[in-house]
Each structure stands twice: as C-alpha cells, then as structure tokens.
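Visitor: Fold the following.
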Amino acid sequence: MLFDLPFATTGIGSFPHKNEEKVYPLILQNFPEIPFWPQFPKRSFLEGMVLQFSEGFPNLKWDERRQTVWVDTGRGFDQEVDRFYGWLGEGNLEPFKIKEDFAKGIGFLELLASTDYSKNLRYIKGQITGPVTFGLALADAEQRPIFYEPTLREILIKHLSSKARWMEERFHQLLPGAKTIVSFDEPSLSSFGSAFSGLNREEVIASLNECFDAVNGFTAVHCCGNTDWSVLLSTDLDILSFDAYGYMETLALYPKELGKFLERGGLLAWGIVPTSEEIEKVDSGSLVERFKAGIHDLCQKGVDPTLLQDVIITPSCGTASLPIPLAEKVCRITAEVSRRLRGV
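Guide: Next up is the predicted model:
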C-alpha cells in the first residue's frame, strides 16, 4: 500500500468508558492522523464482539440475562437464509447496517464530519470482528462453532463482508475525502496451531481473503497474541496489526514471509504500547527504545530496513480491560511515542 504518514497513530477500537463524549476528544487529541470509531463493550451486552456485528445474520438469537448468543438452525432458519441471500443478490446493505444500539461509537463519524477537522482528514479507520473469531465464538444450539460447518461459514463470511461494505460506504458518505481502513479483529488466531485448535490453514486464508475482497480501501488484521504469522502474511491484507510489546520476537521468526509481505506494499502497525498493567512500568522513552530494538532484530534477520520505514504506531490491543485512567494513559503515551519517533 502507498502510505505517506510514517509513525502515524491509530487505536485498536475498544475503551472501558460508558460515556462516549469523554472518548471522542481522546481520539482526536492522540490519534489525529487515523481516527477511528470507538467500541464500548462495558456499555452494553450488545457491544460484544459477536452481537455488535450480528444484525442481518440469519436466525441469530441471544439471551442478555445469560450473556449468551447462538444461531438457531431449526425452525425458520431456511426462510431466514433465503431472505439473507436475497439481500445479497439485490446488493442491499441496509439490513447489515451497524446501528447505534449495537455500536454507540459509530456516531463519532457524524460528529467528525460536522467539524472543520474533517476537511483535512486523510485516513479513517473502522474495525469489525474477523471471520475466524466470529465463527469460533458463535455456535449453533448444540454448541458447535459455526466456523467448522461449511454452509454456516459461507454465511458468516458473506455476512461480515456485507458489514465491511456498509461501514466503508458510511465512511465515504460522511468523510468522502478520507482513505478508508477496515480492520478485522482476530484474537482467536492466537490459538492457531495449538493442540486445542481445529483450524485449517487454507480455510483461514480463504475466509480472510474473501472478507478483504469486499473492501475497496485498505484492509488490516489485528491479532493481539502469538500466532503462526505466516498464515496472515500469506493473505491479501494491507496492514498487519500486532502486539509488538509482547510478541515482537515471534514475528521475527518469519523474516522471509515478512519480507515478501513488505515488498508487495504491506505495512506493519506496531502495537508497542502495552494495554495491561505494564503501562504503569513504561514511558514513551523506553517504548521508543523497545521499538528500535525490534526494528534492529528484524534487520538482523534479513528484512530490508528500507521496508520498515513506514509504520503505524498503536496500542498493543484495545483498552476496554483497563481502568479508565490507565486506558487514557495508553492513549497519551501512544501519541508521545509517535512524536518521539518523528522527532517533533
């Protein structure tokens, strides 16, 4: 990808806040180059990783009291599937709209569009749960993850692709001058290759690529743990977003695959700012040194240093699990790391 804002900052998505009005200024102050709409999983059960992007999925059910969600493949399912494919055939994205009841932070886009700030905005980012994580978290009535059932996996991929299309169209409607980044969050890929995972490499790559094909702008994947990075580097994604604070050395185990990814224009989003209690033990200076050490390690492994000059700086993950003061500290330090790296 052609990216011309080295060391720009963006966030992963989630915050511990319940009041969106306190978060919007945080984003504009600390992530001005690539702002993003925020997620508030503590505000409502509807903002969970599956439910937030559930509208339009055939016969999806949930029980808020029990905090459960599932697909009912029994009565009425076939009719719902027929209607689903009818929407797809018509190119109708309205049923896949992300409503504010499920994503209060989506309203940030309208606020952003109403300000003078939007006139010079060059990038805007949104996030969506990726097909692997969505498909492993969502099960049928017998508790079988739908990713492992081919028919349901096809539906979930087309469903998430439609969500991504709707999101990108919304970006273009409100912020027509900004380039778009749609990031698919895939924490469940941390289990890939373990004895407890039945994930198939080819199915993972094909599922992600089909979702990427739905996006006209830039695509990203965020994985906040360790994984077989060669899988993600073999997909068609533009931006690999990873926890560089905790797992830098694991990415360095794949220098050839990383080199090919970067050579074709891929970009790394370095999650160098920890989103755990570690944030109380670091400052921007120590994180800059950690980042430089990571760059040095990759170069020592044979990665061309000229391909590592354009990067994005991010927190290592979302901040929803942190107390609010620490989440806000993560935002401030991310901006400070960016300024130090740019020498400003």
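Visitor: use CA for all of it now, contacts and neighbours both
Guide: Fine.
Visitor: And the strands in the stretch 151-300 of the chain?
Guide: In the stretch 151-300 of the chain, the strands defined using DSSP state E, counting those that start in this stretch lie at 179-185, 218-223, 239-242, 267-273.
Visitor: List just the one of the ones you listed that sits closest to Phe7.
Guide: Closest of the strands of the stretch 151-300 of the chain to Phe7 is strand 267-273, at 9.1 Å (criterion: C-alpha to C-alpha).
Visitor: Pull out the buried residues from that closest one.
Guide: Within strand 267-273, the residues that qualify as buried are 267-273, counting by 16 or more other C-alpha atoms under 10 Å.
Visitor: now, the most widely separated pair of the residues you listed?
Guide: Leu267 and Val273 (17.9 Å).
Visitor: Dump the strands of the stretch 151-300 of the chain into CSV; add distance to Gly302 and mean pLDDT as well.
Guide: Listed next are those as CSV, based on distance: least, C-alpha to C-alpha, whole Å; pLDDT from 0 to 100:
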stretch, distance to Gly302, mean pLDDT
strand 179-185, 28, 97
strand 218-223, 24, 97
strand 239-242, 19, 97
strand 267-273, 16, 97
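Visitor: out of the ones you listed, which comes closest to Gly198?
Guide: Of all the strands of the stretch 151-300 of the chain, strand 218-223 sits nearest to Gly198, with 18.0 Å by C-alpha to C-alpha.
Visitor: Direction included, what does that closest one pair against?
Guide: strand 179-185 (parallel), strand 239-242 (parallel) (DSSP bridges).
Visitor: Next, format those as TSV and append mean neighbour count and distance to Asn19.
Guide: Shown next, in TSV, are the strands paired with strand 218-223 (neighbours: other C-alpha atoms under 10 Å; distance: least, C-alpha to C-alpha, whole Å):
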stretch	mean neighbour count	distance to Asn19
strand 179-185	24	23
strand 239-242	25	27
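Visitor: Redo those as JSON lines? Include distance to Ser338.
Guide: Shown next, in JSON lines, are those (distance: least, C-alpha to C-alpha, whole Å):
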{"stretch": "strand 179-185", "distance to Ser338": "19"}
{"stretch": "strand 239-242", "distance to Ser338": "16"}
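Visitor: Can you report phi and psi for the residue lying closest to Leu152 once chain neighbours are set aside?
Guide: Once flanking residues are discounted, Leu152 sits nearest to Ile146: 5.6 Å by C-alpha to C-alpha, 6 or more residues apart in numbering. Note on Ile146: backbone dihedrals following degrees, to the nearest 10 are phi -70, psi -20.
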